[in-house]
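Visitor: I'll drop the sequence and a predicted model, then ask my questions.
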Amino acid sequence: MNIEQTVSTAVASLALGNVFTFDDLVRAVQDRRQRTLRVVELADLGDHDGICAVWLITESEDLVLHAHSDSVLHRQQFVLHEFAHMLLGHGQGDECSVEDVLLPDIPAHTRGRLLARQDLDSDREIAAESVADRLAASIRGSALAESRYLEIFG
């Protein structure tokens, strides 16, 4: 896998340009997947639990659950990493449904998917983190551009 090419293709496929807002990104992901996308913070989940975020698929929507962090940028990275998995098509055939995750008898494929997130050296995780980094840079660029505009033009 050529990770750089994969990352560039995934980001370019959004057709958002080099600078965009988080809301622009959410709309683009929803349009691409033709599903509602909802992001929810789980206040009781923390970095110490070993899972920063997880992408769940229901019948009607994509749901990203993420841990709390005092750092807005850190929380954003959790979410962008899950968006990256969506954009890279990593969930195809190995999705977790809400029912799978919330039931006490967690199916093997769900456990495997959650545990795979700990393998940070895999090509899938490296690509997802690289896409998330690119998305974050574009969002930061948008925030900086808007703030400079306000500084100059009030």
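Guide: On my side now, so go ahead. Nothing here was measured: the structure is a model prediction, and the numbers come from that model. Residues are numbered from 1 along each chain as shown.
Visitor: tell me the SS of residue 64?
Guide: Applying DSSP: H, G, I helix; E, B strand; the rest coil to residue 64 yields a three-state assignment of strand.
Visitor: start at 53, not 1
Guide: OK, 53 is where the count begins now, so the last one is residue 116.
Visitor: quick one: it from residue 136, how far?
Guide: Distance, residue 116 to residue 136, using C-beta to C-beta, to the nearest Å: 11 Å. Bear in mind the C-beta positions are built from the backbone N, C-alpha and C, glycine included.
Visitor: do the same with residue 91
Guide: 14 Å.
Visitor: which of these two has more neighbours?
Guide: residue 136 (26 against 18; other C-beta atoms under 10 Å).
Visitor: would you mind measuring from that one to residue 105?
Guide: Counting by C-beta to C-beta - residue 136 and residue 105 are separated by 11 Å.
Visitor: before we move on, what about residue 94?
Guide: In terms of C-beta to C-beta, residue 94 sits 9 Å off from residue 105.
Visitor: now list whatever residues contact both of these two.
Guide: In terms of C-beta atoms under 8 Å, 6 or more residues apart in numbering, residue 94 and residue 105 are both contacted by the residues 117, 118, 119.
Visitor: all strands for the chain, in order.
Guide: For the chain, the strands defined by DSSP state E occupy 88-94, 105-109, 113-119.
Visitor: out of these, which comes closest to residue 57?
Guide: strand 105-109 (23.3 Å; C-beta to C-beta).
Visitor: how about stretch 109-118: buried residues?
Guide: 109, 114, 115, 116, 117, 118 (16 or more other C-beta atoms under 10 Å).
Visitor: got the residues you listed as TSV, with distance to residue 82 and pLDDT columns?
Guide: Output for the buried residues of stretch 109-118, formatted as TSV (distance: C-beta to C-beta, whole Å; pLDDT from 0 to 100):
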residue	distance to residue 82	pLDDT
109	13	86
114	8	93
115	12	92
116	12	93
117	17	90
118	17	90
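Visitor: circling back: and the strands of the chain as a markdown table, adding distance to residue 181?
Guide: Below are the strands of the chain laid out as a markdown table (distance: least, C-beta to C-beta, whole Å):
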| stretch | distance to residue 181 |
| --- | --- |
| strand 88-94 | 18 |
| strand 105-109 | 12 |
| strand 113-119 | 15 |
